[in-house]
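Enquirer: give me a 3D structure for the following:
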Amino acid sequence: MMTGIDRLVTRGTFSLDGGTWDVENNVWIIGDDSEVIVIDPAHDADAIVERIAGRRVAGIACTHAHDDHINQAPRLAELVDAPILLHPHDLDLWALTHPNHKPDSELYSGQWLRAGSIDVEVLFTPGHSRGSICLHAPELGRVFTGDTLFQGGPGATGRSFSSFDSIIHSIADTLLPLPPETVVHTGHGSDTSIGAEAPRLGAWIDRGH
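Expert: A predicted model of the protein is given here:
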């Protein structure tokens, strides 16, 4: 049985606090040839369904509830008959985009999700938003960080529902202890690794502490 990670880049907008910006999002599909988990269903549900290619979807996991990461979650859930998963601390943020549709289940720290033969652990990493999470696949040596950690530093914290101090603590206490060879799959842009980011994050951590 094949296991794999698939990245689909979708394009749309991100809106919050009265502003709107054009964005490209990474939609991640992880699993095997029979079952997958979709991470952050952004902008184009039809393209995501095409990439799923008929496999069962065990869950639609949202790393946080900014609209560009969740705008297609209800439609995708209907198309593939799968539950939407979100940390409860982001329900207020979710309601700004989907006031009439709630997620189906909660994500929580230490929870394990399974997609076919792949096990993924939920890491609670607040800061970019109150309920931000990352998903760690230890057997694959990968972590999906949403907008918590990018190539070059932490995610943005200058908008509502965010905290610079919290994101720095999340990265320092939860992400940097992962093995340095762990590949970091981000919510936007290119991959990096824990080992590559650790030296760059020293100055950020000093500011946060």
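Enquirer: in the protein, which spans are strands?
Expert: Secondary structure of the chain, counting by DSSP state E: strands at 3-16, 19-32, 35-39, 56-61, 84-86, 105-106, 112-115, 118-124, 133-137, 142-146, 149-150, 153-154, 183-186, 192-193.
Enquirer: CSV for these, including mean neighbour count and distance to Asp165?
Expert: All C-beta spots, glycine's among them, are computed from the backbone N, C-alpha and C. Below are the strands of the chain laid out as CSV (neighbours: other CB atoms under 10 Å; distance: least, CB to CB, whole Å):
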stretch, mean neighbour count, distance to Asp165
strand 3-16, 16, 20
strand 19-32, 18, 23
strand 35-39, 25, 26
strand 56-61, 22, 26
strand 84-86, 24, 23
strand 105-106, 14, 24
strand 112-115, 16, 28
strand 118-124, 20, 15
strand 133-137, 25, 18
strand 142-146, 26, 18
strand 149-150, 24, 16
strand 153-154, 20, 11
strand 183-186, 21, 21
strand 192-193, 18, 23
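Enquirer: now those strands as JSON lines including distance to Pro177 and mean pLDDT?
Expert: As requested, these are arranged in JSON lines below (distance: least, CB to CB, whole Å; pLDDT from 0 to 100):
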{"stretch": "strand 3-16", "distance to Pro177": "22", "mean pLDDT": "94"}
{"stretch": "strand 19-32", "distance to Pro177": "22", "mean pLDDT": "97"}
{"stretch": "strand 35-39", "distance to Pro177": "22", "mean pLDDT": "98"}
{"stretch": "strand 56-61", "distance to Pro177": "22", "mean pLDDT": "98"}
{"stretch": "strand 84-86", "distance to Pro177": "24", "mean pLDDT": "98"}
{"stretch": "strand 105-106", "distance to Pro177": "24", "mean pLDDT": "97"}
{"stretch": "strand 112-115", "distance to Pro177": "18", "mean pLDDT": "96"}
{"stretch": "strand 118-124", "distance to Pro177": "10", "mean pLDDT": "97"}
{"stretch": "strand 133-137", "distance to Pro177": "11", "mean pLDDT": "98"}
{"stretch": "strand 142-146", "distance to Pro177": "11", "mean pLDDT": "98"}
{"stretch": "strand 149-150", "distance to Pro177": "13", "mean pLDDT": "98"}
{"stretch": "strand 153-154", "distance to Pro177": "16", "mean pLDDT": "94"}
{"stretch": "strand 183-186", "distance to Pro177": "14", "mean pLDDT": "98"}
{"stretch": "strand 192-193", "distance to Pro177": "14", "mean pLDDT": "98"}
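Enquirer: now distance to Leu96 too, for those strands, in TSV please.
Expert: Shown next, in TSV, are the strands of the chain (distance: least, CB to CB, whole Å):
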stretch	distance to Leu96
strand 3-16	8
strand 19-32	13
strand 35-39	20
strand 56-61	18
strand 84-86	13
strand 105-106	18
strand 112-115	25
strand 118-124	21
strand 133-137	18
strand 142-146	17
strand 149-150	23
strand 153-154	23
strand 183-186	23
strand 192-193	29
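Enquirer: list just the one of those that sits closest to Asp67.
Expert: Closest to Asp67 of these, according to CB to CB: strand 3-16, at 5.8 Å.
Enquirer: hmm, back to that, between the strands of the chain, which one is nearest to Ala172?
Expert: Nearest to Ala172, of all the strands of the chain, is strand 153-154, at 10.0 Å by CB to CB.
Enquirer: I'm done for today, thanks for sticking with me.
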